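Novice: For reference, the sequence and a predicted model appear below.
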Amino acid sequence: DVKVTQSSRYLVKRTGEKVFLECVQDMDHENMFWYRQDPGLGLRLIYFSYDVKMKEKGDIPEGYSVSREKKERFSLILESASTNQTSMYLCASSLYGVAGQPQHFGDGTRLSIL
Amino acid sequence: GENVEQHPSTLSVQEGDSAVIKCTYSDSASNYFPWYKQELGKGPQLIIDIRSNVGEKKDQRIAVTLNKTAKHFSLHITETQPEDSAVYFCAASKNNAGKSTFGDGTTLTVKP
């Protein structure tokens, strides 16, 4: 079974701090994703990566950056945290394939910015 | 880009009844349609998926139907049980795109 592990379940940070959210997958998947989940807004894609050191902006990249130095690890960085970034953050991974592939999600990090 | 609309946003049924959730998509090139279930405190998990060369797929009490002409697909859950209570997301993606576009989710409540 694929396991996607997010380093923290709950995180509380202060406005202006630099925040790192870490995600690790154990199935050698090429694709990795960061989503933000807010009530009534579904899953919104922040960034995704299809290979080491490769990244593409999703729908809401402003205020975020990412890092993928190793295939199994994908980090989301809030450069200067703001209260409107309080949210649930979900990481996912999937195989690269010609046909669509399902995404495997971690259990999320609930981030509060005070 | 792709746009996926999901209805209803909330659905309440009695245990044993059926539940149907519907999604429409805008990009006719989309050809992979997964459904995810998200239980409280967990990430979404794939429960069933369908590809565009198939019109219907069934797995025990859940089934998915796809109408490519109308660009809509539906999730059917029969004989619902309290443990089916969760948030359900539909999604659509194209070949090799990696990304999926998700619907906004449906909160299903099954009353015992």
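Specialist: Received the coordinates, thanks. On a predicted model such as this, the values are computed, not experimentally measured, just so you know. Residues are numbered from 1 along each chain as shown, chains lettered A, B, ... in the order given.
Novice: Bridged to the spatially most central residue of chain A, which residues?
Specialist: Centroid-nearest residue in chain A: A:Trp34, 2.6 Å away (criterion: CA atoms, centre = their mean). For A:Trp34, the beta-bridge partners under DSSP bridges are A:Tyr47, A:Cys91.
Novice: if I pick it, what's in contact with it?
Specialist: Counting by CB atoms under 8 Å, 6 or more residues apart in numbering or on different chains, A:Trp34 touches A:21, A:23, A:45-48, A:58, A:64, A:66, A:74, A:76, A:89-91. Any C-beta I mention is one placed from the backbone N, CA and C, and that applies to glycine too.
Novice: go with 7 Å
Specialist: Counting by CB atoms under 7 Å, 6 or more residues apart in numbering or on different chains, A:Trp34 touches A:Ile46, A:Tyr47, A:Val66, A:Phe74, A:Leu76, A:Tyr89, A:Cys91.
Novice: Can you add pLDDT and give those residues back as JSON lines?
Specialist: As requested, these are exported to JSON lines (pLDDT from 0 to 100):
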{"residue": "A:Ile46", "pLDDT": "97"}
{"residue": "A:Tyr47", "pLDDT": "96"}
{"residue": "A:Val66", "pLDDT": "97"}
{"residue": "A:Phe74", "pLDDT": "97"}
{"residue": "A:Leu76", "pLDDT": "98"}
{"residue": "A:Tyr89", "pLDDT": "98"}
{"residue": "A:Cys91", "pLDDT": "97"}
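Novice: ok, so what distance separates the closest residue to chain B within chain A from A:Arg14?
Specialist: Chain B sits closest to A:Gly100 of chain A, with a gap of 2.5 Å, by CB to the nearest CB. To A:Arg14, A:Gly100 is 40 Å away according to CB to CB, to the nearest Å.
Novice: wait, is the residue of chain A closest to chain B part of a strand?
Specialist: No. Counting by DSSP: H, G, I helix; E, B strand; the rest coil, A:Gly100 is not part of a strand but coil.
Novice: Show the pLDDT at it.
Specialist: In this model, A:Gly100 is scored at 81, pLDDT.
Novice: what about it, neighbour count?
Specialist: Neighbours of A:Gly100 under the rule other CB atoms under 10 Å in any protein chain shown: 25.
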